[in-house]
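J.: no sequence on this one, just coordinates:
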């Protein structure tokens, strides 16, 4: 008879071995003495981002207006993300329509807090949140991404390995805990993406789920559902948009994030089991948010949308499911889906998004199809943000 295995010891050994291997993998990709940097963008990519012609960028350079690009073999010109932002500032000064190149908040525009949720793992929630936050940053918005998931996938995509990089805290839990909370700015990290800051996640976030029932029993502190909104108010003037990647369960963290939100994005994989799971999620969400609303929570949102993710256009059952969703929810389903793409998944292997990797790493058609899909989805969301500010969109 074989001796029984203590499962806690076995799981712990596996976790330690995996952490060590992941650390080695990260150091291979990004050596300790190297600072992770975002790639440079071709003048064609920059022209597309800015909505101008490539020839106009060349003209600006010749006239000494704005940053000069790096010129490589064949005369190809490349700009850094900081260069792109500098170009936006130059172009904005000369435009007749304010916000053309710097589209963020102005005047009385309120902070947009977009909470990305789904009850079922594998719906592309973190991938959607990461690409949205990064595209908004590239488009000139000041963005804060918050990883509210203890599994910390959003953090990993931005080069943070929680068990190594956050041994003494550093998540939003430090600011929303009931005892001795810290200012939110103390846990915000600047990323290698111009305009994009990050509050990473780790297992500490689970403490909020454990501490909240005790606080409720003792009736200590503010309502749990106001805590994220309260701390976001500390940095409200620093950002145009906040993107929150929620854990795939409806706990106290998600409830607090939903209470802080001005908009909700629900990711949906168009398979029957996923849609059935979403049905249960929506029922629970409705019931719990009604309780929060009765307790004084703000349930007014600028918009709520479903985004179809990991979509395969040639899959008949998926097409039927998308048609079913559109018949049920109408305009609440984004017009464009996020395609299932090897380009997106392959980029994730190196802890990067499609906006970070070089186009040359993929076949042209695969890359462009995936990029077109992501840009279309993010463009729709950007239009909703602009509409919430009373503008006609982008």
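T.: Yes, it's here. For clarity, every value in this text was computed on a predicted model and none was experimentally measured.
J.: just give me the neighbour total for residue 40.
T.: 18 (other C-beta atoms under 10 Å). For the C-beta atoms, the positions are set from N, CA and C on the backbone; glycine is no exception.
J.: ignore the last one, residue 334
T.: Residue 334 has 18 nearby residues by other C-beta under 10 Å.
J.: next up, the contacts around residue 244.
T.: The contact partners of residue 244, by C-beta atoms under 8 Å, 6 or more residues apart in numbering, come to 113-116, 129, 145-146, 148, 228, 257, 260-261.
J.: doesn't it lie inside a helix?
T.: No. Residue 244: not assigned to a helix; according to DSSP: H, G, I helix; E, B strand; the rest coil it is strand.
J.: where in the protein is pLDDT low?
T.: Across the chain, the ranges flagged by pLDDT under 70 are 1-20, 22-35, 120-122, 218-222, 297-298, 393-394.
J.: centre-most residue in it?
T.: residue 129 (2.7 Å; C-alpha atoms, centre = their mean).
J.: how far is the helix or strand hosting it from where the chain is centred?
T.: Taking DSSP states H and E as the criterion, residue 129 maps to helix 125-138. For helix 125-138, the distance from its own C-alpha centre to the chain's C-alpha centre is 4 Å (C-alpha atoms, centre = their mean, to the nearest Å).
J.: with stretch 168-175 instead?
T.: Distance, stretch centre to chain centre, for stretch 168-175: 19 Å (C-alpha atoms, centre = their mean).
J.: give me the contact list for it.
T.: With C-beta under 8 Å, 6+ apart, stretch 168-175 has contacts from 146-148, 181-184, 186-187, 189, 199-202, 204-205, 207-208, 228, 231.
J.: buried ones in that stretch, by neighbour count?
T.: Neighbour counts over stretch 168-175 (16 or more other C-beta atoms under 10 Å) mark 170-175 as buried.
J.: quick one on the thing from earlier: going through the contacts of residue 244, which ones are buried?
T.: 113-116, 129, 145-146, 148, 228, 257, 260-261.
J.: out of those, the closest to residue 385 would be?
T.: Set against residue 385, the nearest of these by C-beta to C-beta is residue 114 (8.0 Å).
J.: helix, strand, or coil at that closest one?
T.: Using three-state DSSP, the structure places residue 114 in strand.
J.: for it, give the beta-bridge partners.
T.: residue 243, residue 263 (DSSP bridges).
J.: right, and it touches residue 241 too?
T.: Yes. Under the criterion of C-beta atoms under 8 Å, residue 114 makes contact with residue 241 at 6.6 Å.
J.: so which of the buried residues of stretch 168-175 comes closest to residue 157?
T.: Once C-beta to C-beta is applied, the member of the buried residues of stretch 168-175 that ends up nearest residue 157 is residue 171, at 15.7 Å.
J.: tell me how far that closest one lies from residue 189.
T.: As judged by C-beta to C-beta, to the nearest Å, residue 171 and residue 189 stand 11 Å apart.
J.: and what of residue 234?
T.: Distance from residue 234 to residue 189, by C-beta to C-beta: 16 Å.
J.: in terms of neighbours, single out the busier of the two.
T.: Between residue 234 and residue 189, residue 189 has the larger neighbour count (other C-beta under 10 Å), namely 16 against 12.
J.: mind listing what's buried in the helix or strand hosting residue 276?
T.: Following DSSP H and E, the helix or strand that holds residue 276 is helix 272-294. The neighbour-count check on helix 272-294 (16+ other C-beta under 10 Å) flags 274-275, 277-278, 281, 285, 288-289, 292 as buried.
J.: cool, stretch 46-60 as well?
T.: 46-47, 49-50, 52, 57, 60.
J.: which of these lies closest to residue 89?
T.: Nearest to residue 89 out of the buried residues of stretch 46-60 is residue 50 (C-beta to C-beta; 11.4 Å).
J.: quick check: that closest one touching residue 90?
T.: No. Under the criterion of C-beta under 8 Å, residue 50 makes no contact with residue 90, lying 10.2 Å away.
J.: re earlier: how far away is the residue nearest to the centre of the chain from residue 262?
T.: 15 Å.
J.: residue 43 too?
T.: Distance from residue 43 to residue 262, counting by C-beta to C-beta: 36 Å.
J.: repeat that for residue 245.
T.: Residue 245 is 16 Å from residue 262, by C-beta to C-beta.
J.: so those two - more neighbours on which side?
T.: Using other C-beta under 10 Å as the criterion, residue 245 and residue 262 rank with residue 245 on top: 29 against 19.
J.: with adjacent residues omitted, what lies nearest to the more buried one?
T.: The spatially closest residue to residue 245, leaving aside those adjacent along the chain, is residue 129, at 4.1 Å (C-beta to C-beta, 6 or more residues apart in numbering).
J.: wait, isn't that neighbour in contact with residue 116?
T.: Yes. Assessed by C-beta under 8 Å, residue 129 is found in contact with residue 116 at 4.3 Å.
J.: any common contacting residues for these two?
T.: 243-245.
J.: want to throw these into a markdown table with distance to residue 85?
T.: As requested, the shared contacts of residue 129 and residue 116 are exported to a markdown table (distance: C-beta to C-beta, whole Å):
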| residue | distance to residue 85 |
| --- | --- |
| 243 | 19 |
| 244 | 24 |
| 245 | 24 |
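J.: and the angle for the helix or strand residue 255 falls within with helix 272-294?
T.: Assigned by DSSP H and E, residue 255 falls within helix 252-260. Using axes from the mean of the first three to the mean of the last three C-alpha atoms, to 10 degrees, one finds that helix 252-260 and helix 272-294 are set 70 degrees apart in direction.
J.: quick one: contacts of helix 252-260?
T.: 113, 115, 117, 148, 176, 205, 208-209, 212, 224-229, 232, 244, 246-247, 264, 285, 288-289, 292, 297-299.
J.: re earlier: could you check how far the residue nearest to residue 245 is from residue 123?
T.: Using C-beta to C-beta, residue 129 is found at 11 Å from residue 123.
J.: check residue 361 too.
T.: Residue 361 is 26 Å from residue 123, by C-beta to C-beta.
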